[in-house]
Each structure stands twice: as structure tokens, then as C-alpha cells.
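K.L.:
Have a look at this prediction, sequence included:
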Amino acid sequence: MPSKNDLASGEVVVGRSMIVGKPMALLLMAKGKGGDATVTVTHSRTRDLGAITRTADIIIAAIGRPHFIKAEHIKEGAVVIDVGINRVDDPTSAKGYKLVGDVAYDEVAPKCRAITPVPGGVGPMTIAMLMANTIKACRQA
């Protein structure tokens, strides 16, 4: 396990999927404006995940597990972007379920400078960009 001095602060992506985790890491590392980030990619089997995530200024959670990221994973003042969307049983809901993110929002939010909610966080932007890209693809066809 690396010591705290071996870990660079920066951005940590929690999730290694081809859909979100890897593309997000590549976007953050891209050369130029909006990029040039030092990115650490982690996953559910990363040893001592909390030691790594606690160094991060920005955490992007895309691990696909409800409430996986807890308060002990976050340093004070971090920015947390929750990309996860998970359906969990909720007998009090008319639907019988509710949508939650990969971050335990109520527990983590007090420590954060900024945090995205689920639902209503990155989801609307994801839908808007999917529609924009669909239109772009149609025009190019």
C-alpha cells in the first residue's frame, strides 16, 4: 500500500467501466483546456480505497454500487460528482423502488464543497448530450 506521501492529490475516478470510468479518466487527462489533470482510476477491489480517495480534490463516482462511497472516503472540501444510478427497493414508494447514486449523499454532502444529487445531477446533462449526439450522427449519415 502506498503511503500518503506517495499519493498525488487531484482527481480520482472510482470505476473502470468502458462506459464512464475509462472515458472520464481520458477526458480529464487530455492535453489542453479542461484537461491536464492527474487522474487516479480506482475500482471496488482497490486496496485501501479510502486512502486514495481521501487525497482527491475531485471524486467522480461511477462504480455501479448504491451508496458505495461513504464519508470516510472523502476529504473536507472535496467536489464529488456522482454518475451512478441504482435502483433500490423502497416499500414506501408508490413504484416500490427509488433511485440512488453510488455516493451516500446525506452522509457525504456535509464534507463537500460541491456534490451532485441522484436523481437530478448529471442525468439531465447525460440525456441532453445523448440527444445532441444522436442529432449530430443523423446529420452526418
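P.N.:
On my side now, so go ahead.

K.L.:
so how many other residues sit close to the closest residue in space to residue 10 that isn't next to it in sequence?
P.N.:
Closest residue to residue 10 apart from its sequence neighbours, by C-beta to C-beta, 6 or more residues apart in numbering: residue 38 at 3.7 Å. No exception for glycine: its C-beta is placed from N, CA and C like everyone else's. The local packing of residue 38 (other C-beta atoms under 10 Å) involves 12 other residues.

K.L.:
For the helix or strand hosting residue 60, which helices and strands make contact with it?
P.N.:
Take DSSP states H and E as the rule and residue 60 turns out to sit in strand 58-61. Applying 3 or more C-beta pairs under 8 Å, 6 or more residues apart in numbering; DSSP states H and E, one finds that strand 58-61 contacts strand 11-14, strand 78-82.

K.L.:
so where does residue 28 fall, helix or strand?
P.N.:
Residue-wise, residue 28 maps onto helix 21-29 under DSSP H and E.

K.L.:
and after that helix, which helix or strand comes next?
P.N.:
Downstream of helix 21-29, the first helix or strand assigned by DSSP H and E is strand 39-42.

K.L.:
Would you mark the buried spots in the helix or strand following that following strand?
P.N.:
Scanning forward in sequence from strand 39-42 by DSSP H and E, the next helix or strand is helix 49-53. Within helix 49-53, the residues scored as buried using 16 or more other C-beta atoms under 10 Å are 49, 51-53.

K.L.:
Residue 124 and residue 81, how far apart?
P.N.:
From residue 124 across to residue 81, the span is 14 Å (C-beta to C-beta, to the nearest Å).

K.L.:
Neighbour count: those two, which is higher?
P.N.:
When residue 124 and residue 81 are compared for neighbours, residue 81 comes out ahead with 19 against 10, by other C-beta under 10 Å.

K.L.:
Surely the more buried one touches residue 60?
P.N.:
Yes: counting by C-beta atoms under 8 Å, residue 81 does reach residue 60; the two are 4.7 Å apart.

K.L.:
got the angle for the top helix by length along the chain vs strand 78-82?
P.N.:
Across the chain, the longest stretch assigned as helix under DSSP state H is helix 123-140. Put simply, helix 123-140 runs at 60 degrees to strand 78-82, going by axes from the mean of the first three to the mean of the last three C-alpha atoms, to 10 degrees.

K.L.:
Done for today, thanks.
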